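# sequence unknown, structure follows:
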């Protein structure tokens with residue numbers, strides 16, 4: 001009887017001290033966030049002498065003196081169009 005109790009106690013102690021490999025955690029598969037791509041633009045030299053960053057195309061518009069003026073469209077800042085220095 002003592003031998004059976006001793007064997008049971010010894011087997012539980014040995015089982016508890018044996019290092020079992022922990023189950024590997026699954027790597028977190030993070031969903032790639034939908035990155036909002038910024039519209040690509042180009043820096044232009046404005047007629048005022050400042051550099052402006054515009055997203056739209058460069059178009060020719062009629063000027064007040066009857067000529068044609070090149071302007072960049074969809075510019076960052078206050079004005080939607082910026083007259084370009086030629």
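Arrived safely, thanks for sending. Since this is a predicted model, take the numbers as computed values, not measurements.
# May I have the secondary structure class of residue 5?
Classification of residue 5 using DSSP: H, G, I helix; E, B strand; the rest coil returns helix.
# So what's the residue count around it?
Around residue 5 there are 9 other residues, counting by other C-beta atoms under 10 Å. C-beta coordinates here come from the backbone N, C-alpha and C atoms, glycine included.
# So residue 44 lies in a helix, does it not?
No. Using three-state DSSP, the secondary structure at residue 44 is strand, not a helix.
# Could you list everything it pairs with in the sheet?
Counting by DSSP bridges, residue 44 is bridged to residue 52.
# which residues does the nearest residue to residue 39 once chain neighbours are set aside contact?
Of all residues not flanking residue 39 in the chain, residue 55 sits nearest, at 4.6 Å (C-beta to C-beta, 6 or more residues apart in numbering). Residues counted as contacts of residue 55 (C-beta atoms under 8 Å, 6 or more residues apart in numbering) are 39, 40, 41, 73, 74, 75, 76.
# closest to residue 48 among those?
residue 75 (11.9 Å; C-beta to C-beta).
# For the closest one, give its distance to residue 86.
17 Å (C-beta to C-beta, to the nearest Å).
# Pick out whichever of those two has more residues nearby.
residue 75 (19 against 7).
# The more buried one reaches residue 58, doesn't it?
No. At 10.8 Å, residue 75 does not count as touching residue 58 under the criterion of C-beta atoms under 8 Å.
# how about the spatially closest residue to residue 63 that is not a sequence neighbour, what does it touch?
Nearest residue to residue 63, sequence neighbours excluded (C-beta to C-beta, 6+ apart): residue 69, at 4.2 Å. When contacts are counted by C-beta under 8 Å, 6+ apart, residue 69 touches 60, 61, 62, 63, 83, 84.
# How about residue 69: which residues does it bridge to?
Under the criterion used (DSSP bridges), residue 69 bridges to residue 61.
# where does the residue nearest to residue 39 land on pLDDT?
Per-residue pLDDT puts residue 55 at 92.
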